[in-house]
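In: Sequence unavailable; structure follows:
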């Protein structure tokens, strides 16, 4: 008889949480194998604009390095946090959005009903300064209402109410039409975004995940149009919907039940109506001698030693966090890493351009004690968070591939990794949540072979969105 997954998940979470407080303290070792423990926490650099709309923080996991002929691995963390802001009057950035609604046969009933209610809610929140278009798609794509300034809201809501379920899922066609509509009324001072909802697998039109991701990336980087995706139910491809949002500099949402559609659309719209920064771009310049190994948190473009990340819009209270892992070789006395955040300040009607900059130096340590004194516990906590998050993603990919035993091994390794970093986990709510997410997933996949298809899909979508929310600081 199959044991309830939820009971075992709760037991595992309680047990793991108790264990990590007893786990060994994290230790670093120098090239000779000598144990190194932190003496104190080196603070991150904070660059506040005089307008206080964005706080910009940067820091290395250690500002010193011990020479090692085999080379070293280091981490650089960047965080941009928007202040709480409620836009009013002239400070409210106009919207230019396209509502792209899946009306395929599987949307019949409550799914389509609640999707239409959510779309109508969006219409109610818009003003005469905003532009909106409505697109519906099944195997065919139809423009319900072309992009225009918001005028007769009741007419728009009646058009939405008339949407009926149909055939297959031409997600790519609906997505392209949404972009086309936004582009037709594009304004550089507005928020130009597609809101894409789907409940099913792509089976008509463009079916290549890579091509759909490429479209989102191109529209974002070359045309300034972002996209947020809303996956409804258990039958859509969550990896595709997440990647479209990632490459499109938007947000991804998992909507478990039709009743959640309105509240999740409301969450996205609240952000769009209270934007603190627009056209936000992060650049990080690595010096010669430091080689990029991985970027955690966001997609990026690299040209030479420069890494560029497009945040586009930063909402009220939102945090954008990026972690770089780099390889360091050689024995230079100092390596300077330069970071800059450029954006238009949306908290004023003029939307002036701003730039926040920071330079962090990595210097050769004079001794083990010198190295130990330069550790940043704040950055180290973020290193553990992002590395653990990625390890859990790897386990989830193994489950997708049916490699259940490998997935169980990955979650066990991740649990051991978190336990070995208990000194950071104990003081970080983020890491405690990450530990619980890993423990819950570890318990669930212990019996994944006995799950039904729907239960397995729910497990994957729920776990992936929890992991996604952690690295996106949501």
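Out: That came through fine. This is a predicted model, so every value here is computed, not measured. Numbers count the residues shown, from 1 in each chain.

In: Which positions within stretch 330-343 qualify as buried?
Out: For stretch 330-343, the neighbour count (16 or more other Cβ atoms under 10 Å) marks 332, 335, 337-341, 343 as buried. Quick note: C-beta positions are derived from backbone N, CA and C, even for glycine.

In: Kindly report the same for stretch 195-214.
Out: Buried residues in stretch 195-214 (16+ other Cβ under 10 Å): 195-200, 202, 204-206, 212-213.

In: circling back to that earlier point, quick one: which of the buried residues of stretch 330-343 is nearest residue 102?
Out: Relative to residue 102, the closest of those is residue 343; by Cβ to Cβ it sits at 33.1 Å.

In: is that closest one in a bridge, and if so with what?
Out: Beta-bridge pairing of residue 343 under DSSP bridges involves residue 354.

In: For residue 264, give me phi and psi.
Out: Residue 264 adopts backbone torsions of phi -80, psi -40, taken as degrees, to the nearest 10.

In: my guess is it meets residue 258, correct?
Out: No. The pair residue 264 / residue 258 is not scored as a contact, 11.0 Å apart, by Cβ atoms under 8 Å.

In: State the three-state secondary structure for residue 360.
Out: Recorded secondary structure, residue 360: strand (DSSP: H, G, I helix; E, B strand; the rest coil).

In: for the protein, what spans make up the helices?
Out: Along the chain, the stretches classed as helices by DSSP state H are 5-20, 110-125, 153-161, 171-184, 209-223, 238-247, 261-273, 368-372, 377-400, 404-420, 422-425, 429-444, 453-471.

In: Deepest in the core, which of those is it.
Out: Most buried of the helices of the chain, by mean neighbour count (mean count of other Cβ atoms under 10 Å): helix 171-184, with a mean of 23.

In: I'd like to know which elements it is packed against.
Out: Judged by 3 or more Cβ pairs under 8 Å, 6 or more residues apart in numbering; DSSP states H and E, helix 171-184 is in contact with strand 95-102, strand 131-137, strand 141-149, strand 191-198, helix 209-223, strand 226-232.

In: and with 10 Å instead?
Out: Contacts defined by 3 or more Cβ pairs under 10 Å, 6 or more residues apart in numbering; DSSP states H and E place helix 171-184 against strand 95-102, strand 131-137, strand 141-149, strand 191-198, helix 209-223, strand 226-232, helix 238-247.

In: For residue 331, give me phi and psi.
Out: Dihedral angles (degrees, to the nearest 10) for residue 331: phi -140, psi 50.

In: Name the nearest residue to it, sequence neighbours excluded.
Out: residue 67 (5.2 Å; Cβ to Cβ, 6 or more residues apart in numbering).

In: and the one you found, how many neighbours?
Out: 14 (other Cβ atoms under 10 Å).

In: thought it was touching residue 364?
Out: Yes. Using Cβ atoms under 10 Å, residue 67 is in contact with residue 364, at 6.5 Å.

In: overlap in contacts of these two?
Out: Common neighbours of residue 67 and residue 364 (criterion: Cβ atoms under 10 Å, 6 or more residues apart in numbering): 330-331.

In: Could you pull out the buried residues of stretch 348-356?
Out: Within stretch 348-356, the residues scored as buried using 16+ other Cβ under 10 Å are 351, 354, 356.

In: State the distance from the second one to residue 89.
Out: Think residue 354. Using Cβ to Cβ, to the nearest Å, residue 354 is found at 21 Å from residue 89.

In: Low-confidence stretches in the stretch 101-250 of the chain?
Out: For the stretch 101-250 of the chain, no stretch has pLDDT under 70.

In: Recalculate using a threshold of 90.
Out: Under the criterion pLDDT under 90, the flagged ranges of the stretch 101-250 of the chain are 188.

In: Next, show the common contact partners of residue 264 and residue 258.
Out: What both residue 264 and residue 258 touch, as defined by Cβ under 10 Å, 6+ apart, is the set 118, 232.

In: which residues does residue 254 bridge with?
Out: Bridge pairing for residue 254 (DSSP bridges) gives the partners residue 231.

In: which one among the buried residues of stretch 195-214 gets closest to residue 110?
Out: Scanning the buried residues of stretch 195-214 for proximity to residue 110, where the rule is Cβ to Cβ, the winner is residue 199, at 10.9 Å.

In: Look up how far residue 188 lies from residue 250.
Out: Using Cβ to Cβ, residue 250 is found at 18 Å from residue 188.

In: I meant residue 271, not that one.
Out: From residue 271 to residue 188 the distance is 20 Å (Cβ to Cβ).
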